[in-house]
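Asker: Only the shape, not the letters, is given here:
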Ligand code: ZN
């Protein structure tokens, strides 16, 4: 390492990232340097005739760990404190990293060395985490095309490249089509029904374009506000039509953004890729890295949930139709009427508003309540560290998790509030992985990031109940990352956990936001100290399952569409895609959308994102989390023995064994869908 490198904080070894020292011009040189060093070392390692864990896997792990520790703060800063210069530096590293990962994934020498380790008599002497690391790696090599040769290898590489381009075009078309439609309104009368906050937002949208009055766009908050609250039915129809035809031949904007041909090509390329790797279709390839054993198991699961939910969803829909008729809707209830009448029905029935609950959810109360719940369950404690931590923003808090003897288990940054330059949504990301090497323990560190309501004036921040759920959810991911006892980074925490099981610990934590005993720990009025009144609590519980069967059926429709689509081997046209969607709707949908609807052209989860033949994962993991929580419902939601079992069987295990084994360890049986149906008020 030369002197120049020592000036670059990303090239130094550190326990926690030196955020205040990282400058934009450090980023690309650091990543280039690390990739170059890694390539050199890999070149030497692959010369080894017969490597073992110590001589081959461990050195590779160290290379990964160094890269991950340097890249993680960059990725994090780009998400929470973005600037144009930072985004450019970040983006300039993406192709370098993807090229590097492809190269390693297709490295035949490394693959054979791993294979030799798995065949060797000593394999049985490795820990189960080490064994799982080797078998996971072998699978990843195979799925990266390591076994392909000659023309097939080239074809595979060109498919990968093409897929990354067209998946990204799908997303760009969608974004451009979404952003290029708007509607200017000067007459307030036309916006009757919209709450003040929505009118303020529309006014701001108009001002951004130097217009008077109001401007409607297809941004999510704007679409939701208009479709839910606008009394003007024609206006609702107009925005519904604009929104559900984005990036399609039916759309109101330029046809160059039509995603139809791209969707067909994406499906074809995925199919070719699956074929090259020896699978019949892409759904099979996707299931290789999932907890669900086969395509059949997923499809059967979805149909079973659907059979149980459909009658309840139909009843909910009929009730809504009746309500709309009673409210004076003369003709049929249409797609653009659903949200509008649903909101009115919900309000009439439960008389509950977000504002009623907020005073009971002050930020510090919620955080302390969350900590108490975790302390009761897992016998750990939380200590805030105020001094000596390099933070990217003064609002960020930093905590240690210790066992009851004071030994360090993990640490986390908590960045709660929405602010400029911070990406929307909420997420947990890893900063440092747990890693035990030569007897030294590197404890895990997590970033917990949310965009919750910030404090206003000298009042504490007051959260909505949804925001409290979000925080609990992300904290569940964080506990999975931080409470792991696995020593090998590839399968510690959330690493190596199957995609369709990774939401188990997060959705599990959400349950505590609905339990009286748990709420009593923290839901106290920020001014009077009064506990959440029972009347409010009961309303909250009743409103929880409003139209939950209809929502369930919608998710099942998306999941089955995704799964069916990726089982086809002969998609030639967008019409075929539409037909498949229509058939799925015939089977599982309660509400049939109008013929112009092109939902599929905007289904980025499966066409651009990582959910291809994997959208079912949301429901799959929800079954696991609801079922696991049912054990606490029976044995006591704070039962320390049940808590220890959950900790030891699931949270501590990370990806060191199949998720199914961890689940069976905890429950003593296979997963069951009953608890999920009960929590949704669908079965009792
Ligand atoms: Zn999650």
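Answerer: Arrived safely, thanks for sending. What you are looking at is a predicted structure, and each value in this text was computed from that prediction instead of being measured.

Asker: What residue, apart from its backbone neighbours, is nearest whatever residue of the chain ends up closest to the ion spatially?
Answerer: Relative to the ion, the nearest point of the chain is residue 506 (4.2 Å; C-beta to the ion). (C-beta placed from N, C-alpha, C; glycine too.) In space, and not counting its chain neighbours, residue 506 is closest to residue 476: 3.7 Å by C-beta to C-beta, 6 or more residues apart in numbering.

Asker: Please enumerate residues in contact with stretch 51-61?
Answerer: Stretch 51-61 is contacted from outside by 41-42, 45, 48, 110, 113-114, 116-117, 120, 122, 126, 130, 133-134, 435, 437, 488-490, using C-beta atoms under 8 Å, 6 or more residues apart in numbering.

Asker: Just the buried subset of those, please.
Answerer: The neighbour count (16 or more other C-beta atoms under 10 Å) marks 42, 45, 110, 113-114, 116-117, 126, 130, 133-134, 435, 488-490 as buried among the contacts of stretch 51-61.

Asker: among those residues, which are in strands?
Answerer: The strands, defined by DSSP state E, take in residue 435 from those.

Asker: which stretches of the chain have low pLDDT?
Answerer: Where the chain drops to pLDDT under 70, the residues are 1-6, 49, 684.

Asker: Which ones among the contacts of stretch 51-61 map onto helices?
Answerer: Of the positions in these, 41-42, 45, 110, 113-114, 116-117, 130, 133-134 sit in helices, assigned by DSSP state H.

Asker: Of the contacts of stretch 51-61, which are in range of the ion?
Answerer: The subset of the contacts of stretch 51-61 within reach of the ion, counting by C-beta under 5 Å from the ion, is empty.

Asker: hmm, back to that, surely the residue nearest to residue 506 touches residue 511?
Answerer: No - taking contacts as C-beta atoms under 8 Å, residue 476 lies outside contact range of residue 511: 9.8 Å.

Asker: So residue 450, which state does it fall into?
Answerer: Look at residue 450: counting by DSSP: H, G, I helix; E, B strand; the rest coil, its state is strand.

Asker: is it true that it touches residue 470?
Answerer: Yes - contact criterion C-beta under 8 Å: residue 450 and residue 470 qualify, at 5.9 Å.

Asker: which residues do those two both contact?
Answerer: residue 426.

Asker: Looking at the two, which one has more neighbours?
Answerer: Set side by side, residue 450 and residue 470 show more neighbours around residue 450, with 22 against 19, by other C-beta atoms under 10 Å.

Asker: Nearest residue to the most centrally placed residue in the chain in space, ignoring adjacent ones along the chain?
Answerer: For the chain, residue 427 is the residue whose C-alpha lies nearest the centre (C-alpha atoms, centre = their mean; 7.2 Å). Distance criterion C-beta to C-beta, 6+ apart; nearest residue to residue 427, sequence neighbours excluded, is residue 449 at 5.6 Å.

Asker: For the longest strand along the chain, buried residues please.
Answerer: Taking DSSP E as the criterion, the chain has its longest strand at strand 408-417. Buried residues in strand 408-417, defined by neighbour count with 16+ other C-beta under 10 Å: 409-417.

Asker: now swap in stretch 102-113 and tell me
Answerer: Buried residues in stretch 102-113 (16+ other C-beta under 10 Å): 102, 104-107, 110-111, 113.

Asker: Helix, strand, or coil at residue 215?
Answerer: Three-state call for residue 215 (three-state DSSP): strand.

Asker: Show me what it is bridged to.
Answerer: Beta bridges link residue 215 to residue 184 when assigned by DSSP bridges.

Asker: ok, now which ones touch it?
Answerer: Taking C-beta under 8 Å, 6+ apart, one finds 182-185, 202, 205-206, 208-209 in contact with residue 215.

Asker: What's the biggest helix in this structure, counting residues?
Answerer: helix 295-326.

Asker: Mind giving me the packing neighbours of whichever strand or helix holds residue 583?
Answerer: Using DSSP states H and E, the element containing residue 583 is helix 574-588. Contacts defined by 3 or more C-beta pairs under 8 Å, 6 or more residues apart in numbering; DSSP states H and E place helix 574-588 against helix 260-276, helix 295-326, helix 548-565.

Asker: Report the two of the buried ones among the contacts of stretch 51-61 separated the most.
Answerer: 116 and 435 (24.1 Å; C-beta to C-beta).

Asker: And residue 678, which helix or strand is it part of?
Answerer: If you go by DSSP H and E, residue 678 is part of helix 674-679.

Asker: what sits up against that helix?
Answerer: Outside helix 674-679, the residues within contact range by C-beta under 8 Å, 6+ apart are 305, 308-309, 511, 619, 622-623, 626-627, 629-630, 683-684.

Asker: Give me the buried positions along it.
Answerer: 675-677, 679.

Asker: Hmm, residue 475 and the residue nearest to the centre of the chain touching each other?
Answerer: No - Residue 427 lies out of contact with residue 475 (C-beta under 8 Å); the separation is 11.7 Å.

Asker: need the residues of the stretch 451-600 of the chain near the ion, please.
Answerer: The stretch 451-600 of the chain comes close to the ion at residues 503, 506, as judged by C-beta under 5 Å from the ion.

Asker: could you show me where the helices are in the stretch 451-600 of the chain, in order?
Answerer: Taking DSSP state H, counting those that start in this stretch, the helices of the stretch 451-600 of the chain run over residues 465-482, 504-510, 516-519, 534-544, 548-565, 574-588.

Asker: Among the ones you listed, which comes closest to residue 374?
Answerer: helix 465-482 (6.8 Å).

Asker: Can you spell out which helices and strands pack onto that closest one?
Answerer: Using 3+ C-beta pairs under 8 Å, 6+ apart: helix 465-482 touches helix 354-357, helix 363-378, strand 408-417, strand 427-432, strand 445-452, helix 504-510.

Asker: and that helix, how far out from the chain's middle?
Answerer: Remark: helix 465-482 is offset 12 Å from the chain centroid, using C-alpha atoms, centre = their mean, to the nearest Å.
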